[in-house]
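J.: The following comprises the amino acid sequence and a computationally predicted model.
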Amino acid sequence: MSKETIAKTKDLSIDQWLELRKQGIGGSDAAVACGLSKWKSQLELWLEKTNQAKGKPAGEAAYWGHIMEPIIREEFSKRNRLRVKEVPYLFRSKEHPFMQANIDGCVEESDGTISLLEIKTANQYASNDWDDGLPAAYYIQIQHYLAVCGLHKAYIAVLIGGNRYQQMAVEHDEETIRNIIKLEGTFWRYVQTRTQPSIDGSDASREMLATLYPRSTNTRIMLPAEADPLVSKYFSAKTAEDAAKTQKQLAENCLKDLMKDAECGQTPQGAKIYWKSITSVRINGSKLKADLPEIAEKYSTETSSRRFAVTATEGGERK
C-alpha cells in the first residue's frame, strides 16, 4: 500500500488538525470504526465525523502524553541503539483514502530497513491492561498504521505509571489488515452516506444516547414492528441476568460464611477472597436539609436524567 502526505502537523492549528481528522479514519479511530473499542462507540465516532457532535477535549493525560513523547522516543533510541526520527506529518493511503496515519516516529534498523515507532503513556490504574502484552485496541491501531505506511514492523514504547518503561515489537499481519480495511470501509460508507451505524450493547453507546437525547418531551409515539422482538430480547436477557445475579449472590454469601471474621481467605487452588472492613464518612443529606436548609440549598445542584422502563402489559411495569 502506498501513501501520500496530507499536511505537516507542526504547521497546523488545533482547529485545522481536527478538521483534517474528520476527513478520514486515524489510528486512534481504528478500533472504534471496527466496532472493537470498549471506550467509544461507532455511533459517537460517526457523529463526530459527520459534524453532528464535537469530540471530547483532550484531557490532562493527553497533555502529559504529548509532553513525554520526545523523552520516551529518545529513551527507546538509547536502549536499542537505533536511530529514531520524528515524523511530523499526516499521511493518507492512496488505495484507501479514508485511512489516515500520524505516527510518532520511524526507526532505522541495523540492516537499513525502516520500522514504525508508536509511543504510549499509561497511568498506574491501566497497568493491568499491559500485563499480557499490547492491548487489543492498540494492536488494531498499529496494524492500521503499518497498512497506511506500507511498513512491515512496529515498535511500541510505553511508560506506565510514570516510572515503568516497557517495549514490544509487532509484525505486519496481513489477515488482520484485510479485516481492518473491510470494517473501516463499511464505517466510512456510513459517514459518506450519513447512514447511522447500528447501536451496540456497549456502555459507550448508552452514554452517547443519553447525550443525544438528554430530556424527554411530553409525547407518545407508535414504534415500528422491530420494537416487539427487542422487548422480548430485553425480558429474556433480564431473566437470565436476574438468575445469574442470584447465583452470584449465593456463591458470595457461602464464601462469606466460610470466611467468618477473616479479612482474607485462600482456596486450595490458589484463589484469594477478600472481605475487608472499610470505614467511610457520608453526609446525611436529609439531616443537613432539616438543620441547615440554607447551606443545603447553596451546595445542592439539580441533575437531570431519563429513567428507562419496559412494560410488558397494561398490568405491571418491568424495569
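T.: Arrived safely, thanks for sending. Residues are numbered from 1 along each chain as shown.

J.: Could I get the contacting residues of the closest residue to residue 288 other than its chain neighbours?
T.: Distance criterion C-beta to C-beta, 6 or more residues apart in numbering; nearest residue to residue 288, sequence neighbours excluded, is residue 296 at 4.7 Å. Where you see a C-beta, it was placed from the backbone N, CA and C, and this is true even at glycine. Neighbour list for residue 296: 285, 288-289 [criterion: C-beta atoms under 8 Å, 6 or more residues apart in numbering].

J.: Sitting in helices, which of those residues do you find?
T.: The members of the contacts of residue 296 that map onto helices under DSSP state H are 285, 288-289.

J.: Run through the helices of the stretch 51-200 of the chain in chain order.
T.: With helices called from DSSP state H, counting those that start in this stretch, the stretch 51-200 of the chain shows them at 60-80, 136-149, 174-193.

J.: Would you mind putting those helices into a markdown table with mean pLDDT, distance to residue 255 and mean neighbour count alongside?
T.: Output for the helices of the stretch 51-200 of the chain, formatted as a markdown table (pLDDT from 0 to 100; distance: least, C-beta to C-beta, whole Å; neighbours: other C-beta atoms under 10 Å):
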| stretch | mean pLDDT | distance to residue 255 | mean neighbour count |
| --- | --- | --- | --- |
| helix 60-80 | 88 | 37 | 14 |
| helix 136-149 | 95 | 32 | 24 |
| helix 174-193 | 95 | 41 | 16 |
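
J.: any idea which helix or strand comes after whichever strand or helix holds residue 31?
T.: For residue 31, the element it lies in under DSSP states H and E is helix 27-33. The C-terminal neighbour of helix 27-33 among helices and strands, as given by DSSP H and E, is helix 42-49.

J.: send the alpha carbons of that next one over as CSV?
T.: Provided in CSV are the C-alpha atoms of helix 42-49 (Å, rounded to 0.1, in the frame of the first residue of the first chain):
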residue,chain,number,x,y,z
GLN,A,42,-19.2,3.7,16.4
LEU,A,43,-22.2,6.0,16.9
GLU,A,44,-20.1,8.5,18.7
LEU,A,45,-17.3,8.4,16.1
TRP,A,46,-19.9,8.7,13.3
LEU,A,47,-21.5,11.8,14.9
GLU,A,48,-18.0,13.4,15.1
LYS,A,49,-17.1,12.6,11.5
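
J.: still on that earlier bit, any idea which helix or strand carries the residue nearest to residue 288?
T.: Going by DSSP H and E, residue 296 is part of helix 293-298.
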